[in-house]
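Enquirer: Sequence isn't available, so here's the structure alone:
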Ligand code: L34
């Protein structure tokens with residue numbers, strides 16, 4: 001069997017069409033233009049490309065977007081002052097500080113300074129707490145995108161054995177939590193594996209749905225999965241450069257061998273990445289609607 005490819009690019013396109021309609025209606029009926037600011041500190045090439053993609057997508061959907069780029073030696077105090085400025089700016093409904101931040105800046109201090117009502121990344125403890133409780137909140141973009149991919153591709157999650165590899169705050173912890181909740185894309189039995197897990201392969205082989213979010217290229221090999229598994233590959237690893245200077249990407253899953261056993265699989269690139277960006281847009285539109293008391 002060769003797996004069906006779950007195209008994040010295609011699903012993201014469909015969601016963006018829906019968002020375009022929502023934005024047009026907000027502008028024409030209510031005179032509200034959703035606004036997003038992205039803040040990037042330093043010159044990490046991967047972060048630069050993600051932030052550029054976020055601003056380009058916002059622009060294409062009619063979302064007002066501002067892109068702030070700060071020098072790598074910007075102080076934490078200066079960054080906090082900037083966050084505070086956007087907390088008070090009525091044109092801006094969503095604030096995104098791209099991670100990772102340079103080592104001398106305490107990430108928690110910055111993320112906690114963002115007004116939870118503008119926290120379109122869903123990283124503020126208020127939103128994390130609400131997420132765990134299953135209350136209305138901004139869901140973090142990558143896990144939110146994974147849920148949408150599963151639901152829109154018709155992957156049954158209810159009662160499924162889900163194995164998540166990786167316990168990051170951005171992906172592993174939130175997706176494991178969301179998938180055990182009573183919700184669309186949820187109701188699963190979830191196992192969360194990490195670097196101290198004994199016999200990772202044995203856990204993985206039990207999975208009906210395997211979500212790899214580790215940041216180790218091609219770590220999941222065919223011998224680690226069972227026949228018919230659905231694979232979500234969150235890894236975007238830069239494993240080299242083409243002669244033209246373009247990054248060569250690989251996921252956390254050995255796509256070529258695993259696709260022969262899986263029933264469906266997300267590719268890298270073109271899988272989870274485009275969904276992350278699109279869910280940021282969805283959260284920004286939601287933030288604008290909440291600010292205007294429309295929802
Ligand atoms: N604050 N920091 C904050 N929020 C986030 O949601 C992120 N993340 C992660 C890193 N730091 C963050 C992202 O935006 C990862 N991430 C992200 C976003 C987009 C893509 C990958 C990771 C993406 O579009 N990937 C493309 C390939 C892009 C390329 O060529 O480099 C893909 O098709 O997978």
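Expert: Great, that's in hand. It should be emphasised that the depicted structure is a prediction, and the values quoted were computed from it without experimental measurement.

Enquirer: got the contact list for the helix or strand residue 57 falls within?
Expert: Counting by DSSP states H and E, the element that carries residue 57 is helix 45-61. Applying Cβ atoms under 8 Å, 6 or more residues apart in numbering, the contact partners of helix 45-61 are 16, 19-20, 23, 36, 38, 40, 64-65, 67, 69, 96, 98, 100, 236, 238, 247, 277-278, 280-281, 284. (C-beta placed from N, C-alpha, C; glycine too.)

Enquirer: Among those, which ones are in strands?
Expert: Within the contacts of helix 45-61, residues falling in strands by DSSP state E are 36, 38, 40, 64, 65, 67, 69, 96, 238, 247.

Enquirer: Those residues also near the ligand: which ones?
Expert: Restricting the ones in strands among the contacts of helix 45-61 to those near the ligand by Cβ under 6 Å from any ligand atom leaves 96, 247.

Enquirer: and the angle from the helix holding residue 57 to strand 64-70?
Expert: Orientation of helix 45-61 against strand 64-70 (axes from the mean of the first three to the mean of the last three Cα atoms, to 10 degrees) gives an angle of 160 degrees.

Enquirer: Show me how far helix 45-61 is from its chain's centre.
Expert: Relative to the mean C-alpha coordinate of its chain, helix 45-61 is positioned 13 Å out (Cα atoms, centre = their mean, to the nearest Å).

Enquirer: Could you confirm whether any residue of that helix contacts the ligand?
Expert: Yes. For a cut-off given as Cβ under 6 Å from any ligand atom, helix 45-61 has contacts with the ligand, namely 49, 50, 53.

Enquirer: If you rank the ones in strands among the contacts of helix 45-61 by neighbours, which is first?
Expert: Each of the ones in strands among the contacts of helix 45-61 was scored by neighbours using other Cβ atoms under 10 Å; the highest score is residue 36's, at 30 neighbours.

Enquirer: Does that residue touch residue 284 like I think?
Expert: Yes. With the criterion set as Cβ atoms under 8 Å, residue 36 and residue 284 qualify as a contacting pair; they are 4.7 Å apart.

Enquirer: ok, the residue of the stretch 51-200 of the chain found nearest the ligand - contacts?
Expert: When distances are taken as Cβ to the nearest ligand atom, the stretch 51-200 of the chain reaches nearest to the ligand at residue 99, 3.7 Å away. For residue 99, the contacting residues are 107, 170, by Cβ under 8 Å, 6+ apart.
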